[in-house]
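>>> this one's structure only:
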């Protein structure tokens, strides 16, 4: 059993990354507004309304999560702001940005005001983890649908405006980066020797990029021929994913009502990308999921191929669709590479231990940081770390205070 350890230090580099993350979120919002304004200016109010609707829905869901989390957090870790003001900020869709600015304030105090107390470090880490989770949710609820819409419009008009091109590039990077940032956030719960290395980060980033791109492409192509078909396809697949998540018995939120909100958001993520939601052996669930998505995406691609009319304007799309399958398979190959050689469980097995979730044996699995104040444990991050990193039952007892992992970029 590892002795209690101090939380990893929050330094100037982490503060700079936090500031960059806040700036990126602001830039992304401005880009969305610019794209919607361009649609309206060019005589496409429907596209503008749909773009803004996606933005509003994603923001509302993220704000609801943020508010629910604040209400359930320990009083010592809540911002020293009156409750009605916090409620008003979330109602005005400013809760996430308030969290980011508040985290920068705490981070500045930790870095430059010589706040070396463990409580300050834990507080900063607590804020960092929640922001990382909210960014992941909002990215998949907003960026991936927006990206699909952007690609559909570009293919339909057969031209890309500057705002659309920049929006697509930033959206692709935001989606992949949010997954990497989230995974780094979970990995920072572990002892230093298991933290995410640069090669692991690169493989993880590329794997998600190569899996997400073909999915978005085939959905956009399907919408190109049958725009209203997507309005049927998405709810059906979303409902299947929601039921699948519900059957796995998630326990993320504090009460059953908000838990349904969490499951609904995860179902949206699963429409585009893999997201583990339950403890236990993930191999078979992963095979089922990727098999389903591969078949579904193939059917969407074949539907486009069957229904398209011969056209010189879109002749290049045939080669793009043909390349989508190798791209997806490459992503799966990189995912296998990561879990075979770069996952922390590999290091555990090399040291002669096994994780009881993915292997046999009864010894402790991966070592996690542990702290002396269990009453300040971030229950959300503890649950997700146990889920995503396949902890053994005994290793779960050593998970660190959720407020103590600050290695992820806010």
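Right, received. Where do you want to start? Remember, predicted model here, so these are calculated numbers, not experimental data.
>>> same question for whichever helix or strand residue 202 is part of: list its buried residues.
If you go by DSSP states H and E, residue 202 is part of helix 198-225. Across helix 198-225, burial judged by 16 or more other Cβ atoms under 10 Å covers 200-201, 203-224. To be clear about C-beta, it is placed using only N, CA and C from the backbone, and glycine gets the same treatment.
>>> can you check stretch 316-323 too?
Using 16+ other Cβ under 10 Å as the test for burial, stretch 316-323 gives 317, 321.
>>> what's it in contact with?
Contact partners of stretch 316-323, identified using Cβ atoms under 8 Å, 6 or more residues apart in numbering, comprise 155, 217-218, 221, 301, 304-305, 308.
>>> rebuild these as TSV, extending it with distance to residue 56 and pLDDT.
Output for the contacts of stretch 316-323, formatted as TSV (distance: Cβ to Cβ, whole Å; pLDDT from 0 to 100):
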residue	distance to residue 56	pLDDT
155	25	85
217	26	91
218	26	92
221	26	90
301	31	88
304	29	86
305	35	83
308	33	75
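>>> rebuild the residues you listed as CSV, extending it with distance to residue 147.
Shown next, in CSV, are the contacts of stretch 316-323 (distance: Cβ to Cβ, whole Å):
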residue, distance to residue 147
155, 13
217, 10
218, 13
221, 14
301, 18
304, 18
305, 22
308, 22
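>>> please name the nearest non-neighbouring residue to residue 183.
Computed as Cβ to Cβ, 6 or more residues apart in numbering, the closest residue to residue 183 that is not its neighbour in sequence is residue 204, at 5.9 Å.
>>> in terms of contact, does the one you found touch residue 338 like I think?
Yes - proximity of residue 204 to residue 338 meets the contact threshold set by Cβ atoms under 8 Å, at 6.0 Å.
>>> for this structure, which helix extends over the most residues?
Ranked by number of residues, the top helix in the chain under DSSP state H is helix 12-41.
>>> buried set for it?
14-15, 17-19, 21-22, 24-25, 28-29, 31-32, 35-36, 38-39.
>>> any idea of the angle the host helix or strand of residue 130 forms with helix 12-41?
In the assignment (DSSP H and E), residue 130 maps to helix 118-138. Counting by axes from the mean of the first three to the mean of the last three Cα atoms, to 10 degrees, helix 118-138 lies at 30 degrees to helix 12-41.
>>> and the next helix or strand past helix 118-138?
Proceeding N to C from helix 118-138, the next assigned helix or strand is helix 144-157, under DSSP H and E.
>>> now whatever helix or strand comes next after that following helix against helix 118-138, angle please.
Moving toward the C-terminus from helix 144-157, the first helix or strand encountered (DSSP H and E) is helix 162-187. Interaxial angle, helix 162-187 versus helix 118-138 (the same axes, to 10 degrees): 130 degrees.
>>> run the chain-centre distance for helix 162-187.
Distance, stretch centre to chain centre, for helix 162-187: 9 Å (Cα atoms, centre = their mean, to the nearest Å).
>>> residue 266 and residue 245 touch, don't they?
Yes - proximity of residue 266 to residue 245 meets the contact threshold set by Cβ under 8 Å, at 5.2 Å.
>>> what sits in contact with each of these two?
With Cβ under 8 Å, 6+ apart, residue 266 and residue 245 have common neighbours residue 277.
>>> could I get the contacting residues of residue 253?
Contacts of residue 253 by Cβ under 8 Å, 6+ apart are 68, 259, 261-262.
>>> now, the residues you listed that are in helices?
Going by DSSP H, the helices hold 68, 259, 261-262 from those.
>>> what's the most distant pair in those residues?
68 and 259 (10.2 Å; Cβ to Cβ).
>>> what about the residue nearest in space to the middle of the chain, distance to residue 87?
Using Cα atoms, centre = their mean, the residue of the chain that lies closest to the mean C-alpha position is residue 136, 3.0 Å off. Residue 136 sits 24 Å away from residue 87, going by Cβ to Cβ, to the nearest Å.
>>> now stretch 202-222, how far from the centre of its chain.
Chain-centre distance of stretch 202-222: 14 Å, with Cα atoms, centre = their mean.
>>> wait, stretch 249-267
Centroid separation for stretch 249-267 versus its chain: 16 Å, with Cα atoms, centre = their mean.
>>> can you give me the buried ones in it?
For stretch 249-267, a neighbour-count test (16+ other Cβ under 10 Å) marks 250, 252-253, 258, 262-267 as buried.
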